[in-house]
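[1] I need the structure of the sequence given here:
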Amino acid sequence: MVRTAVIQGIDHYLPEERLTNAELSALYPGWTADKILEKTGILERRIAADTECASDLAVRAADRLLERLDVDRSRIDLLVFCTQSPDHFLPTTACLIQERLGLGTNVAAFDYNLGCSAFPYGLAIVRGLIDAGIASTALLLMADTYSKFIHPLDKSVRTLFGDAASAVLITAEERAAPSIGPFVLGTDGTGAGNLIVPAGAMRHPLATADLAEKTDKSDNTRTAANLFMNGPAIFEFTVKRVPALIRDVVAAAEISLDDVDLVILHQASEMLLATLQGSLRIPDEKFVRHYSRCGNTVSSTIPIALQSVIDAGRVARGDVLLVAGFGVGYSWGANLIRWEPNA
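    Numbering: from 1, shown residues only. All right, here's what the predicted structure looks like:
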């Protein structure tokens, strides 16, 4: 038996406001509600209120999880928070969350900044700290409010992204073998400009000129302070990188893809997931989709999708799950999870 990190439970929180395809189609001539659904697989996305930040969503998700699992908060000694929409440049948002959750001052709390690859990286961080004996009860939180970066008239991103938070409880347990892993992680910074908010941080401080609106050849309007996505480049990166990523992680585990019970990829869009499923020849019963009622929630897509299949009774104790995230950065990561919570 070895001391290792084990996932005990997952929960999430979606903001109240809903943005439907009917509402979007009224803004974008030629884009009907059915066309948006066909392209994205999304019926509606949840949008954070003007006064609602990533920390607010994360606290709601964490409270739900801790109350459902009846966790003694004094046991928590690690809080790891992923976001690309922090409350402030500083302090670290995890410090604010620690106080709001009523956690002890013995808690190690920090942020990390990743988008669609957040979940595998977060699991790797937490497992490393637990395996090293530094932590024993961890909260891994992810939350993003991309809607605050999106220009209302940029259909290339507004039709895709929604706001959300997710929470995962991970504890140190004795198991015959590691419950989480192996991992395959990677980065290619040459793709950074293909999914970016160009202005507003230290490399490009916000200036008046950055607020000037520009409309591209596809009739999408944005400013330099808004989210920009080069969709074709992101698609090309994904269809080239992800199949190899999946093959690499099953090879690292010395198994085949046939030995995996469920595959949960970053829930980017219907078009992208259909392409990857076909390329990898994964049968429908093993391939998880969950985005029609929440959209692409960036860092939280995999945990939300994983919770959906757990709640639906599709995950049994001992099942082998493969998760993979990929996107902004470019950054990618994948790992296996053997589902074996204590209860």
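
[2] C-alpha only now, for contacts and for neighbours.
    Noted.

[3] and the helix or strand hosting Ala5, what does it pack against?
    Ala5 belongs to strand 2-13 when assigned by DSSP states H and E. In terms of contacts (3 or more C-alpha pairs under 8 Å, 6 or more residues apart in numbering; DSSP states H and E), strand 2-13 is packed against helix 54-68, helix 118-131, strand 164-175, helix 301-311.

[4] residues of the first one that come out buried?
    In this case it means helix 54-68. Neighbour-count burial for helix 54-68 flags 54-66 (criterion: 16 or more other C-alpha atoms under 10 Å).

[5] same thing with the second one?
    Across helix 118-131, burial judged by 16+ other C-alpha under 10 Å covers Ala118, Phe119, Pro120, Tyr121, Gly122, Leu123, Ala124, Val126, Arg127, Leu129, Ile130, Asp131.

[6] tilt between the next helix or strand after that helix and helix 301-311?
    Remark: after helix 118-131, the chain's next helix or strand is strand 137-144, criterion DSSP H and E. Relative orientation of strand 137-144 versus helix 301-311 (axes from the mean of the first three to the mean of the last three C-alpha atoms, to 10 degrees): 120 degrees.

[7] what about the helix or strand following strand 137-144, distance to the chain center?
    Once strand 137-144 ends, the next helix or strand along the chain (criterion: DSSP H and E) is helix 155-158. Averaged C-alpha coordinates place helix 155-158 at 18 Å from its chain's average position (C-alpha atoms, centre = their mean, to the nearest Å).

[8] do stretch 42-59 as well
    With C-alpha atoms, centre = their mean, you get 14 Å for stretch 42-59.

[9] for the closest residue to Arg60 other than its chain neighbours, what are its contacts?
    Closest residue to Arg60 apart from its sequence neighbours, by C-alpha to C-alpha, 6 or more residues apart in numbering: Tyr13 at 6.2 Å. Going by C-alpha atoms under 8 Å, 6 or more residues apart in numbering, Tyr13 touches Leu57, Ala58, Arg60, Ala61, Ala164, Ala165, Ser166.

[10] go again with 6 Å.
    Ala61, Ala164, Ala165 (C-alpha atoms under 6 Å, 6 or more residues apart in numbering).

[11] so for stretch 123-138, mean pLDDT?
    In this model, stretch 123-138 has an average pLDDT of 98.

[12] pull the number of nearby residues for the closest residue in space to Leu227 that isn't next to it in sequence.
    Nearest residue to Leu227, sequence neighbours excluded (C-alpha to C-alpha, 6+ apart): Val197, at 4.6 Å. Val197: 18 surrounding residues under other C-alpha atoms under 10 Å.

[13] repeat for Asp219
    Neighbourhood size, Asp219 [other C-alpha under 10 Å]: 14.

[14] against Ala324, how distant is it?
    Taking C-alpha to C-alpha, to the nearest Å as the measure, Asp219 and Ala324 are separated by 32 Å.

[15] contact partners for the residue nearest the centre of the chain?
    Compute the mean C-alpha point of the chain, and by C-alpha atoms, centre = their mean the closest residue is Ser299, 1.9 Å away. Ser299 makes contact with Gly115, Cys116, Ala118, Met142, according to C-alpha under 6 Å, 6+ apart.

[16] just curious, which of these is nearest to Ile76?
    Distance to Ile76, by C-alpha to C-alpha, is smallest for Met142 among these, at 16.8 Å.

[17] that closest one reaches Val168, doesn't it?
    No. Taking contacts as C-alpha atoms under 6 Å, Met142 lies outside contact range of Val168: 8.9 Å.

[18] same drill for these two, tell me which one is more crowded.
    Met142 (36 against 25).

[19] burial count for the residue nearest to the more buried one when sequence neighbours are not counted?
    Nearest residue to Met142, sequence neighbours excluded (C-alpha to C-alpha, 6+ apart): Cys82, at 4.7 Å. If you count neighbours by other C-alpha under 10 Å, Cys82 ends up with 29.

[20] got the contact list for Cys82?
    By C-alpha under 6 Å, 6+ apart, the contact set of Cys82 is Asp111, Tyr112, Asn113, Met142.

[21] what segments of the stretch 151-300 of the chain are helices?
    155-158, 231-252, 270-280 (DSSP state H, counting those that start in this stretch).
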